[in-house]
Each structure stands twice: as structure tokens, then as C-alpha cells.
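**Q** The following comprises the amino acid sequence and a computationally predicted model.
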Protein chains: 2
Amino acid sequence: MADTIYTSQLQAHCDRFDTALPAYMPATDGLQTTVAQAMAYACEGGGKRIRPVLVMEFCRLCGGEVEQALPFAAAIEMIHSYSLVHDDLPCMDNSLLRRGRPSTHAKYGETMALLAGDGLLNLAFETMLRPASRDGLDPSCALGAASALADAAGIEGMVGGQVIDLESEGKTIDLSTLEALQRGKTAALLTAACVMGARLAGASPSMEEAARVYGEQVGLSFQIVDDILDVTATADKLGKPVGSDAENEKVTYVSLLGLEEARALAAQRTAAAVEALAVFGAEADNLRHLAQSLLERDH
Amino acid sequence: MADTIYTSQLQAHCDRFDTALPAYMPATDGLQTTVAQAMAYACEGGGKRIRPVLVMEFCRLCGGEVEQALPFAAAIEMIHSYSLVHDDLPCMDNSLLRRGRPSTHAKYGETMALLAGDGLLNLAFETMLRPASRDGLDPSCALGAASALADAAGIEGMVGGQVIDLESEGKTIDLSTLEALQRGKTAALLTAACVMGARLAGASPSMEEAARVYGEQVGLSFQIVDDILDVTATADKLGKPVGSDAENEKVTYVSLLGLEEARALAAQRTAAAVEALAVFGAEADNLRHLAQSLLERDH
């Protein structure tokens, strides 16, 4: 069992990202103080920063400058964070807690949380498109990376996954609908992270395709493992109640496939992710370790 | 009194836009049927399409191809539409009607309206950034136009205006706060429309500055006229109840300045908008007519 999902190099990306992020957030003074605070709050809270780390590592791996990936890494984290803010709203999951802290609307009120979410989604594009973020980058690399994120976050991606989730409530869905749901909710943004890093570095088509497959397979495997842990983990390890999927009569990979077949599918997808890295040789060991650790995690 | 705000050339832009828009909306079949319908619904309903028309006309005026402005015109209309969807939500203005039809959440439910709004904001950037939209455009012109829209729609612009509005509820605000509110809520997007058109055409800095001043002054004048009409118009002409600002104890240009001074300020700003057009000569007559008609409108 891996102790941590990050090698020291990936942990360095994560630390660099956490240092850099505040510079991309709006100033918390003047007439926009409260919304700026709510936006910053939504991006804090100790996530693993896996999307930014993937942007940075694929940029490095494809021969780009990690520092130039930072505004794009910030953008994908803003989009991930806005999606959590809107998911937690009363008309969605109505969650008062997120990562052990009050959710954004619990702390700032529903209206401010709605606007902070809108502000974060918009800020992601402001951040990627402003001239300073593109300094030293080929304009078509910047456009390609921003476009990958836009496509992944919309109704063909993340928002679309939410819609399927919403419309599946209280219904029995089949494996292909569950797959479409998870591709949207989880895999689309993880895939975009990898593709963005590759595009920022001006990667060859075969490298970009390897990045795409890695992100997609890791993303799909990630969700299967989540479903397995909801059945097998202890609440202590997981930091949240176990068995909540069954209690909510939620269709999961485990409920559709059974535990053993779900485990086999997760392992198969992780293997496909690792296999896609062959084009990068030994330089991709950080990402091999990451895929394997995410499969073997116990929380 | 002008019968219509549009000359025949601007009306042609408007008609062209209405024909082109559906191609930029998501397919209304498959798993995303409902959200795609809600997104399309939010963009229908007979608005004047003033923002798209400004993008197209400034692109033409600065020597660009009007057809190449269409995806960017679609993007700004999507952002305008998403802002109306989210404004109408129960936690915001709680409006069940919009342009005489049920608001998006009244028709599709609150959760779907939230997601449709998120989807539209995101789709604006998908639309501008996808390779087909940039075909034949210099990448830095495309980036510049997209960046202008991103900056105008966020917390330094439209979302910021909403936040000031929200935080001003039930308070007396001064003229400078009202000005900041209206710059964000109305003028920012109108300004962006003009600047986007100029940038798409690769306009010179002086032409882009003229576009910026025109959009800003027309936008600020527009809101003053709105406040005046709420006091002076008949409900019949306006198509909505008059006197609603006073009833809601809302601070307006009229409540702060009085009717005569508000009229003078609107006229002064319209004059500034028209003056900025000098650099374009007689070719800008469409825009002179538009500014003057918006000032003289009775509904």
C-alpha cells in the first residue's frame, strides 16, 4: 500500500502550486471583499491538487516549462472548486460540510456562494487568457490548453455529468449511463489536466494522445475505487461515513458489477493508464507511481 | 423619437445573428436533452441582441469580416443569458417571469436552471476557443477578444456588479457606488462587445479605444434612461410595472440626482459616445443612430 500518492517531484509541484495560487485570486479589498473571500475560501481546504499537479507534470514531461503551466493549473483548480461550491448548494446536494469545514454557502450564504461559483468559473478563463499568462507561450499552445479545459468543463463534460447524476436520482441506471456520468463528473477534468500540460509544452500528437489516455483511465479507475472504498473502508480511514451509497440507493460500479469485478475493472484501467506512458520512458515514473497509488489507496 | 434603435444595416446583423445562433447551441438529444433545451430557452425570447450586434458592427467598422465575429457574438449573448438565468433564481431576484415568459427555473426547475446557467457561461468560452471559431483569425486577435469578454464578465465586471447590488440591498448608497454597480452590471459587457469587435478586426489602438469609450458611455447612459423610464413611462409602453424602483426603495440615478440632472447626465454620456466615433467618420452613422435612439427611447 502506497503511503502517499506523490513522489517527491510531484509533491514539489503541489507545494509550488499552493505557493503560487494566491497570486491568481482576486484582491480581497474594496467593493468585492466578500465575494473575493468566498472565492478564496472555496479554493482552500487541503485538497490533493491532483489536477494542477497533472497539468504541471505533463508540461514538464513533454519538454515545457513548469512555471508557464501555473496559470493554467490555477484555472483548472478554480473550475474544480466552483463545481464543488455549486454542488453543495441547497438546490443540489444541500451539503453544509466540505472537507471537514463549512461549505461555501454555509459560511457565506447561498446568494454569495452562487456568485462566488460563477466568479470562479469565469476567473479560470480570465486567468488563462490574460496576456501575462501567455508570456513566452506560443498563442496556439495557450489557446489549445484553454480550449481543452473549456470543452471538459461544459455540458459535454463536467456539467453534463452533473446533469446525468441529477436525472438519474431514484432511477436504476445501466453501466453505460453510469460510465457517461463518471466520464463527465470525474474523468473529463482529469483528462483535460493531462492534455493541457501536453499542449502547453507543444507536445507531439502521440504524446498528447498518451496524456489523454492516461487522464481518462486514471479518472475512470479513480471513481471505481471510490465506489469500492464506500463498501470496504472503515469510516475512520475514509474520514466520512461508509456505506452511504447503499443507504442512498445509489447505483455504483460495485452495485452493478459486484466487488470482485469492480476491482478487476479498476486494475485494468490503471494498467491501461500506465501502458499509455510507455512513449515517455522512465521519465514518467512519477505518473506510474501516482496511478498505482490511486488504485491501491485505502481512503 | 426614433421608431427603432437599428438602422437597416444593424437590423441585418441582428437577423444574421438570430439565424446563426442555433448552430452554436448544444444538440438537444441524448443524455443532455433537458439541459440543452434549457440553455436554448434561456437564449431565446426576443431580446434586442444589442451585444452581438455591437460585436459585429465594430468588427465591420474596423475592417474585419462580420462572419468571423459570429462565434464571439454568440459567446457574449450566452454570457448575457446565463446572467439572467442566475439572476432570476430563488436565492437572487426570485423572478418567475422574464420577457413575458416563465423564467428558466420556473420552466425547468431550480437545479436544472443553475446547471444551464453554468453550462452557458462555460459554452461561451468553448465557442470562442474551439479551432473552427478561430479559422482565418490571427490567434492573438482571437485571444484578445476572448480575454476582453472574460475580464468583463467576472468579479471586476458583471459578477462584481451583481455583488455590489446584493450588498447594497436595503442600504443608502452614494453616486460612486451606484456608478460602480452599473459599470459592472450593464456597461462592462456592452464595452466588451465593442472592444471584442475591434480586436477581432485587428484594430489600431486608437480605434480600440474609441470602441471602448463608445461602449462604456452608451452602457452608462442606458442605465440612467432605464431609471428615468421607471418614473416617467406608462406601464403600457414599458411592458412592465412602472415605479418599481421607488416601491422597492431602490437607489437610482433619479433618486440620487433628480429627474432633470439624470436626463442631463444621460445626454452628456450619449454625446461622449458619439464623439468617440469621430475616428471612424461617416461609416459609424449606424452607431450614432443607435446611441441617440437608446437615449430617446420611451420603453
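**A** Arrived safely, thanks for sending. Just so we're clear, the structure is a prediction, and the values are computed from it rather than from any experiment.
**Q** Which of the three states applies to residue A:73?
**A** Counting by DSSP: H, G, I helix; E, B strand; the rest coil, the backbone at residue A:73 sits in helix.
**Q** What is the neighbour count of it?
**A** Using other Cβ atoms under 10 Å in any protein chain shown, the number of residues around residue A:73 comes to 29. Where C-beta positions appear, they are placed from N, C-alpha and C, glycine not excepted.
**Q** right, and the helix or strand after the worst-scoring helix or strand of chain A on mean pLDDT?
**A** Ranked by mean pLDDT, DSSP states H and E, the weakest helix or strand in chain A is helix A:235-238, scoring a mean of 64. Where DSSP states H and E defines the elements, the next helix or strand beyond helix A:235-238 is helix A:244-247.
**Q** Could you point out the helix or strand that follows that next one?
**A** Next along from helix A:244-247, by DSSP H and E: helix A:253-257.
**Q** Report the mean confidence score over that next one.
**A** Averaging pLDDT along helix A:253-257 yields 95.
**Q** Looking at the stretch 151-299 of chain A, which residue is nearest chain B?
**A** Closest contact between the stretch 151-299 of chain A and chain B, by Cβ to the nearest Cβ, is at residue A:154 (4.1 Å).
**Q** Skip the chain neighbours and tell me the closest residue to that residue.
**A** residue B:122 (4.1 Å; Cβ to Cβ, 6 or more residues apart in numbering or on different chains).
**Q** hang on, isn't the one you found packed against residue A:150?
**A** Yes: Residue B:122 is within contact range of residue A:150, at 6.5 Å (criterion: Cβ atoms under 8 Å).
**Q** more crowded one of the two?
**A** Neighbour count, other Cβ under 10 Å: between residue B:122 and residue A:150, residue B:122 has more, with 29 against 26.
**Q** list the contacts for that one?
**A** A:121, A:150, A:153, A:154, A:155, A:159 (Cβ atoms under 8 Å, 6 or more residues apart in numbering or on different chains).
**Q** Out of these, grab the one that's most surrounded.
**A** residue A:153 leads the contacts of residue B:122 on contacts (other Cβ under 10 Å) with 32 neighbours.
**Q** Strands along the stretch 151-299 of chain A, start to end?
**A** In the stretch 151-299 of chain A, no segments count as strands under DSSP state E, counting those that start in this stretch.
**Q** what does it have sitting close to chain B?
**A** A:151, A:153-156, A:159-160, A:162-164, A:166-167, A:177, A:180 (Cβ under 8 Å from any Cβ of the partner chain).
**Q** Inside helices: which ones of these?
**A** Within these, residues falling in helices by DSSP state H are A:151, A:153, A:159, A:160, A:162, A:163, A:164, A:166, A:167, A:177, A:180.
**Q** can you pick the most crowded of those residues?
**A** Taking other Cβ under 10 Å as the neighbour criterion, residue A:153 ranks highest of these with 32 neighbours.
**Q** residue contacts, that one?
**A** Counting by Cβ under 8 Å, 6+ apart, residue A:153 has contacts A:79, A:83, A:121, A:124, A:159, A:188, A:189, A:192, B:122.
**Q** again, only using 10 Å
**A** A:75-76, A:79-80, A:82-83, A:121, A:124-125, A:159-160, A:184, A:188-189, A:192, B:118-119, B:121-123, B:125-126 (Cβ atoms under 10 Å, 6 or more residues apart in numbering or on different chains).
**Q** returning to what we had before: pLDDT score for the residue nearest to residue A:154?
**A** Predicted confidence (pLDDT) for residue B:122: 98.
**Q** Can you classify it by secondary structure?
**A** Residue B:122 - assigned by three-state DSSP - is helix.
**Q** what's the closest of the residues of the stretch 151-299 of chain A next to chain B to residue A:90?
**A** Of all those, residue A:90 sits closest to residue A:166, with 14.0 Å by Cβ to Cβ.
**Q** That closest one reaches residue B:31, doesn't it?
**A** No: using Cβ atoms under 10 Å, residue A:166 makes no contact with residue B:31, being 11.1 Å away.
**Q** and for those two, which residues touch both?
**A** residue A:181.
**Q** Okay, now the unreliable bits of chain A?
**A** A:1-3, A:235-242 (pLDDT under 70).
**Q** shouldn't residue A:190 be in contact with residue A:51?
**A** Yes: using Cβ under 10 Å, residue A:190 is in contact with residue A:51, at 6.6 Å.
**Q** Need the residues touching each of the two.
**A** A:76, A:80, A:215.
**Q** Next one: the second one from residue A:192, what distance?
**A** As for residue A:80, its distance to residue A:192 is 10 Å (criterion: Cβ to Cβ, to the nearest Å).
**Q** what sits in contact with each of the two?
**A** The contact lists of residue A:80 and residue A:192 share A:51, A:153, A:158, where a contact means Cβ under 10 Å, 6+ apart.
**Q** ok, how many other residues are close to residue A:272?
**A** Neighbours around residue A:272, by other Cβ under 10 Å: 17.
**Q** Touching, residue A:167 and residue B:34? I think so.
**A** Yes: contact criterion Cβ under 10 Å: residue A:167 and residue B:34 qualify, at 6.8 Å.
**Q** Much appreciated, bye for now.
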